[in-house]
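In: Show me how the following folds:
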Amino acid sequence: MKKKKIKVANILEEARVGGPQIRLLLLAKALRNKVNVTAILPKKNSSNFIKKCKKFNVNYILSNLSNLSRSPLNIISYLVLFPFEIIMLMLVFKKNKFDLVHVSGGAWQYKGVIAAKLSGIKVIWELNDSYAPFIIKFIFNYLNFFADSFIYGSISTEKYYKKLISNNKKNFLIQSPVDINFFNPSISYPSKNFLKKNKNKVVVGAVTNINPIKGLDTFLLSAKELLHHQKNITFVVIGEIHQTQKKYYNQLINLQKKLNIRNFFFLGKQEDVRPFIKLIDIYVCSSISESSPLSVWEAMSMKKAIVSTNVGDVKKYIKNGRNGFVVNVNDSKIMAKKIKLLVQEPKLRNLFGKRSRIIAKNNFDVKLFGKKNFMAYRKTVNI
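Out: Residues are numbered from 1 along each chain as shown. As a prediction, the model looks like this:
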């Protein structure tokens, strides 16, 4: 007799494409034969994510979920609509007869947890950061008992939240996944005009949304330390500039002008980042805070030497002098020193890249990720 598939609602209160959204898609793909995953998304800012859902053949339901931001008007609107949106989610959960609600996106995504509990449905809450503002952490402290189990996206996330959660709650440590076959350095990618112009230079780059938490001012300051190498180094940042982050982006541009850095380029959003990652020689993560930085794992899968700040679980997978270097947060001078070393030693960065690919295969492959999540689902719903 064929086993019944577990029906899972995977809910995100933010639809702009980033790490949690990619994680959801890869999870749905990995579990397709065992689990029916339906993504529940807010209508706002969802067009790009909907395209990806269709591409991955993932079911989705659009809902009038309001997002939380620091704007006073937004906070008032969020609080006023909160009870109505919970009722709306309850109706969606009951209508579709889900066995489990998977709340993705972090500690601030309360609505799915409350709605699932009031609907009598098991809920697994995924936590994927290692810092939360006081008010978010305070509310989480009182609401986390609603969840039946937790997924920690990294060891650093587990350390940050576990002391707030009852010891009798089931919990699972599951790192962000990488589709190793998709992020494959052996694939031939179309050439990009910008990088063609810089083919004789060492390209130092990052793939990241423009956001203060990504510490791109540190990246710029490290470029300033290497100004005398402008003729043979190009710095690039590939990533979307959301309307809400225009102010921060303008601050970065002003800093670039002030420092007179002419070899640093923001290339904006790219539909396929792989051609860019392939042509990057040294991959940089300058974040202030992370949990399981997916873009770093993807760069490792693409055989890149890494220079990263010490955030999240980076230090577990990037070993100093083996496949990259880890520096302190905001330390632009040491970051520049490590970049310079790799610029001057092409054989070393190639060796680091080969080791990075092996580490990515052994730790982040989506098949392993799927097995761990399926086990977490089964233990949560007790089947």
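In: could you point out the longest helix in this protein?
Out: When the chain is parsed with DSSP state H, its longest helix is helix 72-96.
In: which other helices and strands contact that one?
Out: Helices and strands touching helix 72-96, by 3 or more Cβ pairs under 8 Å, 6 or more residues apart in numbering; DSSP states H and E, are strand 6-11, strand 35-42, strand 59-63, helix 111-118. From N, CA and C alone the C-beta is placed, and that goes for glycine too.
In: Can you add mean pLDDT and distance to Arg357 and give those back as JSON lines?
Out: Shown next, in JSON lines, are the helices and strands packed on helix 72-96 (pLDDT from 0 to 100; distance: least, Cβ to Cβ, whole Å):
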{"stretch": "strand 6-11", "mean pLDDT": "95", "distance to Arg357": "29"}
{"stretch": "strand 35-42", "mean pLDDT": "94", "distance to Arg357": "29"}
{"stretch": "strand 59-63", "mean pLDDT": "93", "distance to Arg357": "33"}
{"stretch": "helix 111-118", "mean pLDDT": "95", "distance to Arg357": "36"}
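In: which one of those lies closest to Val207?
Out: strand 35-42 (22.9 Å; Cβ to Cβ).
In: packing partners for that closest one?
Out: Counting contacts by 3+ Cβ pairs under 8 Å, 6+ apart, strand 35-42 is packed against strand 6-11, helix 19-30, helix 47-55, strand 59-63, helix 72-96.
In: The third one: how far from the chain's middle?
Out: Just to be clear, that refers to helix 47-55. Taking Cα atoms, centre = their mean, to the nearest Å, the mean C-alpha location of helix 47-55 is offset from the chain mean by 17 Å.
In: Could I get the buried residue list for it?
Out: Neighbour-count burial for helix 47-55 flags 49-50, 52-53 (criterion: 16 or more other Cβ atoms under 10 Å).
In: Determine which two of the residues you listed are furthest apart.
Out: Ile50 and Lys52 (7.3 Å).
In: Pick out whichever of the buried residues of helix 47-55 sits closest to Lys4.
Out: Taking Cβ to Cβ as the measure, Lys4 lies nearest Cys53 of these, at 23.6 Å.
In: Tell me how far the closest one lies from Ala30.
Out: For Cys53, the distance to Ala30 equals 15 Å [Cβ to Cβ, to the nearest Å].
In: just Asp313 next, same as before
Out: Using Cβ to Cβ, Asp313 is found at 20 Å from Ala30.
In: Check Lys44 too.
Out: Distance, Lys44 to Ala30, using Cβ to Cβ: 28 Å.
In: remind me which residues of this structure are low pLDDT?
Out: Across the chain, the ranges flagged by pLDDT under 70 are 1-3, 191-196, 383.
In: For stretch 295-311, measure first residue to last.
Out: Start-to-end span of stretch 295-311 (Cα to Cα, to the nearest Å) is 13 Å.
In: cool, and stretch 172-189?
Out: End-to-end distance of stretch 172-189 (Cα to Cα): 37 Å.
In: Assign a three-state SS to Lys296, would you?
Out: Rather than Lys, residue 296 is Val. When classified by DSSP: H, G, I helix; E, B strand; the rest coil, Val296 comes out as helix.
In: Contacts only, for the nearest residue to Asn128 once chain neighbours are set aside.
Out: Nearest residue to Asn128, sequence neighbours excluded (Cβ to Cβ, 6 or more residues apart in numbering): Gly153, at 3.7 Å. By Cβ atoms under 8 Å, 6 or more residues apart in numbering, the residues touching Gly153 are 126-129, 174-176, 291-292.
In: Which one of these is nearest to Asn211?
Out: Of all the contacts of Gly153, Asn211 sits closest to Asp129, with 12.7 Å by Cβ to Cβ.
In: and Asn36, which of the helices and strands packed on strand 35-42 is closest to it?
Out: Ranking the helices and strands packed on strand 35-42 by proximity to Asn36 (Cβ to Cβ) places strand 6-11 first, at 4.9 Å.
In: Show me the strands paired with that closest one, marking each as parallel or antiparallel.
Out: Partners of strand 6-11 in the sheet, by DSSP bridges, are strand 35-42 (parallel), strand 100-103 (parallel).
In: now it and helix 19-30, what's the angle there?
Out: Following axes from the mean of the first three to the mean of the last three Cα atoms, to 10 degrees, one obtains 160 degrees for the angle between strand 6-11 and helix 19-30.
In: Now Gly324. Its backbone dihedrals?
Out: phi 160, psi -160 (degrees, to the nearest 10).
In: Distance check, it against Ile40.
Out: Using Cβ to Cβ, we find Gly324 at a distance of 37 Å from Ile40.
In: residues touching Leu118, list them.
Out: Per Cβ under 8 Å, 6+ apart, neighbours of Leu118: 86, 90.
In: Phe374 too?
Out: By Cβ under 8 Å, 6+ apart, Phe374 lies in contact with 31, 34-35.
In: Phe56 too?
Out: Phe56 sits next to 25, 28-29 when contact means Cβ under 8 Å, 6+ apart.
In: Same question for Val284.
Out: Listed by Cβ under 8 Å, 6+ apart, the contact partners of Val284 are 204-206, 219, 222, 306-308, 335, 339.
In: Columns secondary structure, distance to Glu14 and neighbour count on top of these, output as JSON lines?
Out: Converted to JSON lines, the contacts of Val284 look like this (DSSP: H, G, I helix; E, B strand; the rest coil; distance: Cβ to Cβ, whole Å; neighbours: other Cβ atoms under 10 Å):
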{"residue": "Val204", "secondary structure": "strand", "distance to Glu14": "30", "neighbour count": "26"}
{"residue": "Gly205", "secondary structure": "strand", "distance to Glu14": "25", "neighbour count": "25"}
{"residue": "Ala206", "secondary structure": "strand", "distance to Glu14": "21", "neighbour count": "26"}
{"residue": "Phe219", "secondary structure": "helix", "distance to Glu14": "24", "neighbour count": "27"}
{"residue": "Ser222", "secondary structure": "helix", "distance to Glu14": "30", "neighbour count": "25"}
{"residue": "Ile306", "secondary structure": "strand", "distance to Glu14": "27", "neighbour count": "25"}
{"residue": "Val307", "secondary structure": "strand", "distance to Glu14": "29", "neighbour count": "29"}
{"residue": "Ser308", "secondary structure": "strand", "distance to Glu14": "24", "neighbour count": "26"}
{"residue": "Met335", "secondary structure": "helix", "distance to Glu14": "29", "neighbour count": "27"}
{"residue": "Ile339", "secondary structure": "helix", "distance to Glu14": "32", "neighbour count": "27"}
